[in-house]
Every structure is written in C-alpha cells, then in structure tokens.
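Q: Next one to model:
(one chain, ligands or ions: 1)
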Amino acid sequence: MIKYSQKNTRIETERLILRQPTKADISDVVRNLSDLEVSRWLLVVPFPYARKDALWYIRHCAEKIKKKPQTDYSYWIELKESGEVIGGIGLSNIKFDQGKGTVGYWLGTRHHKKGYGSEALEALIDLAFKRLKLRRLEAGVLVGNPSSGVLLEKYGFKLEGLKRKAVIPKATGKISDEYFYGLLRQEYSRPRRK
Ligand SMILES: CC(C)(COP(=O)(O)OP(=O)(O)OC[C@H]1O[C@@H](n2cnc3c(N)ncnc32)[C@H](O)[C@@H]1OP(=O)(O)O)[C@@H](O)C(=O)NCCC(=O)NCCS
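A: So this is what the prediction gives:
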C-alpha cells in the first residue's frame, strides 16, 4: 500500500519514505552519493560529492517546489527501519501540456539489489500516472549501466533508441552514449512481488 501526502511531498511505501531533503540528512547523502560507482551513471552529480553540493541541492528543491504548477517532484529516500537516507528519486521536467515527465534515481551501493529501487520507482510511477495523470514517462540510461535498464524494463519501460555521444556525466567527464526508454500509461502493469 503506497500512501501519498495531500500535496505529494511525502510518499510512504512498505519499507521506504520518500520525502523532502533536509539539512539533517546531509551526512547520509554524502556517504552514499560520494561514490563513483553511483555517480558515474548520473548526469549532474559531481565526484567527490561534498556537503556544499548537498546544501545546494536542498535549496534547489525548495525553490522548485514553490513553482506553480509544480514540474519537478524530487525526494530523498529514507529507509524506515534505520531512518537513514539511502538514495534519491525524482520526476522532473514535467510538461503537463504534453502529459509527460522524466524519471531518475540512485541508491547507495550498500543498498543495491534489495528491491528498494523497485519499491521507490513503483511509487513514482503511480504518482505520475494516477495522481498527476501523465500519459508517458521517459528515462535516460548511460550505455554500460548494469542495473538501471533492468529496473526500467521490469516496470514495462521500452527501449526506444540510442543517442550517440549525447551526454557528459559530471563525475567522470567522459562523453557517453545514452539509451532512452519510454513507458506509456496504458502499458503499465505492476509486476508481481516475488
Ligand atoms: C538503478 C538502481 C537504483 C537499482 O536499484 P536496486 O534497489 O538495486 O534495484 P532492485 O533491487 O529493485 O532491482 C530491480 C531489478 O534489477 C535487477 N538488478 C539490480 N541490479 C542489477 C545489476 N547490477 N545487474 C543486473 N540486474 C540488476 C534486479 O535483479 C531486479 O530484477 P528482479 O526484481 O527481476 O530480480 C541502483 O542500481 C543504482 O542506484 N545504481 C547507480 C545509480 C544509477 O544507475 N541510477 C540510474 C541512472 S539512469
């Protein structure tokens, strides 16, 4: 059962709380995100990732949430059992006139392969399709990323193409090819839990 706050600023799933970033979380975020195995797959996250970068992000989110209509829903992911912030997920670049938005996410490596990515993405897809009434979601995945495409395909995202030498991730500075994925609302069905 996924619970959403009225303005979608907080989302609760079985094991996770997706919520607004706060200064109290900075140590957790720096520990989990200052890791090249994570940031090499993200576009705008520097390596090393410092407290000042987290502070910038917190201010950036506070600004974005004030925008009307809100076109960006960004969350840090808290693990309920420990209270640790273990990652982040967001729905960004929402264009309500086009009915679409872009998903992005990361988790600290210690927390990979425990189903948390699936749990958080499921909540974000429901937010997009059921609550915000979008009709299409998009995601970009750097070529070579071992896990993100698997996660997207689990939820019905289809590989729609490859953009050649399209992006330069901040952490590595390497020009990279990028796959693009898309999911239409009518294609989405929640996979069965194992
Ligand atoms: C992408 C990411 C969030 C996935 O999170 P996760 O919690 O490990 O994912 P889950 O445990 O929910 O696994 C989802 C599916 O992917 C599979 N998977 C996860 N990691 C995998 C890997 N390294 N290789 C192959 N399959 C993998 C799982 O087996 C699972 O499939 P299943 O449910 O059919 O068994 C995580 O790997 C990550 O943060 N990576 C670094 C940052 C990143 O790549 N962000 C995305 C940028 S586009």
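
Q: mind checking which helix or strand Glu81 is in?
A: Following DSSP states H and E, there is no helix or strand that holds Glu81.

Q: what's it in contact with, if anything?
A: Going by CB atoms under 8 Å, 6 or more residues apart in numbering, Glu81 touches Arg15. Just so you know, the C-beta spots here come from the backbone N, C-alpha and C atoms, and that holds for glycine as well.

Q: separation between it and Glu14?
A: Counting by CB to CB, to the nearest Å, the gap between Glu81 and Glu14 amounts to 11 Å.

Q: right, and Gly156 touches Ser189 too?
A: Yes. Applying CB atoms under 8 Å, one finds Gly156 in contact with Ser189, separated by 6.6 Å.

Q: For those two, indicate the residue with more neighbours.
A: Neighbour tally, Gly156 and Ser189, criterion other CB atoms under 10 Å: the higher count belongs to Gly156, 18 against 8.

Q: What about the residue in the chain that the ligand sits nearest to, how many residues nearby?
A: Distance from the ligand to each residue of the chain (CB to the nearest ligand atom) is smallest for Gly117, at 2.4 Å. When neighbours are counted by other CB under 10 Å, Gly117 registers 23.

Q: what do you get for Ile168?
A: By other CB under 10 Å, 11 other residues sit near Ile168.

Q: Tell me who's in contact with it.
A: The neighbours of Ile168, taking CB under 8 Å, 6+ apart as the test, are Lys174, Ile175, Ser176.

Q: could you redo the last one with a cut-off of 7 Å?
A: For Ile168, the contacting residues are Lys174, Ile175, by CB atoms under 7 Å, 6 or more residues apart in numbering.

Q: what's the answer for Val141, then?
A: The contact partners of Val141, by CB under 7 Å, 6+ apart, come to Ser148, Gly149, Glu178, Tyr179, Tyr181.

Q: Name the nearest residue to the first one, sequence neighbours excluded.
A: Beyond its immediate neighbours in the sequence, the residue positioned closest to Ser148 (CB to CB, 6 or more residues apart in numbering) is Val141, lying 4.6 Å away.
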